[in-house]
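[1] Provide a 3D model corresponding to the input given below.
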Amino acid sequence: MWQDIQQGDAKAFERLYQQTVIGLTNQAYSVLKDRELTQDILQDIYVSLYLRRFELPADINIGGYLNNAVKYKVSTILRDRLARAPHHSYLLRQEQEAEASQPDPYEHVALRQRIKAGIDTLPEKCRQAFMLNYYNSLSYKAIAHEMGISVKTVEKHISKALQVLRRELSGELYLFIAIAVTGALLPG
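    Numbering: from 1, shown residues only. The predicted structure follows:
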C-alpha cells in the first residue's frame, strides 16, 4: 500500500488513513484527554506524511512511523505544558505580591500606557488571541474554537505576543506583573 501512496494513489492514502486513524486517535487521546488537540495532532501527522511521501523510504514500516509520530507530538505537548506550568505559577505569585503592595498611581498610569502601546503593535490575529487569553481568561482550546484556528496556532500567537510585550517593556520593574494583571490595569 505504501508504494501505491508514494506513486500518488489517493485511494491508497485514504485506506491507510481509515485503517490507522482510530488507533492513533486512541493513542493520543489516552494521554492528552483533549479531543480537539488530538484531532490537530493527527491532522498535522497525516498532512506531513502526505507531503513527505516521496522523501520516505519505500520499505518503511508505515504503522511504526505513524505510532512514533504520535508519540513524538504528544511528548512535545506534554513537555511544553510542563515548561509553562512554573511560569504560570510565577506570574500568579507576582500578581498576589502586586496586589499586596500598591504602586504609585503615576506608575500605574505609565505602565498602563506602555502595556497598551505594546499590545497595539501586535498583528491583529496575535492581538486577538492574546486579548482572549489574558483579558477574557479563555483557554487555548476555546480561543482556537472562537477564532477558527488550531490550538498550535493559538500557542504561537500568544508566544509571539509575550515576546513583543517583553521587548516593549524591557527594563520595567513590573514586567511580569504587568503581563499577569493587565486586565486589572487596562480599562474595560
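
[2] for stretch 144-160, buried residues please.
    A144, M147, I149, S150, V151, K152, T153, V154, E155, H157, I158, K160 (16 or more other CB atoms under 10 Å). Where C-beta positions appear, they are placed from N, C-alpha and C, glycine not excepted.

[3] hmm, the first one is touching E155, no?
    No - A144 lies out of contact with E155 (CB atoms under 8 Å); the separation is 9.2 Å.

[4] contacts only, for K71.
    With contacts defined as CB atoms under 8 Å, 6 or more residues apart in numbering, K71 is in contact with Q27.

[5] now it: how far from Q27?
    In this view, K71 and Q27 are 8 Å apart by CB to CB, to the nearest Å.

[6] same question for E36.
    Between E36 and Q27 the distance is 16 Å, computed by CB to CB.

[7] looking at the two, which has the bigger crowd around it?
    Q27 (18 against 15; other CB atoms under 10 Å).

[8] can you name the element that comes right after the helix or strand encompassing that one?
    Q27 belongs to helix 10-32 when elements are defined using DSSP states H and E. Downstream of helix 10-32, the first helix or strand assigned by DSSP H and E is helix 35-51.

[9] quick one: buried residues of that next one?
    Buried residues in helix 35-51, counted by 16+ other CB under 10 Å: L37, T38, D40, I41, L42, I45, Y46, L49.

[10] element containing the residue most central in space within the chain?
    Nearest to the mean C-alpha position of the chain, by CA atoms, centre = their mean, lies E155 at 2.2 Å. Under the criterion of DSSP H and E, E155 resides in helix 151-168.
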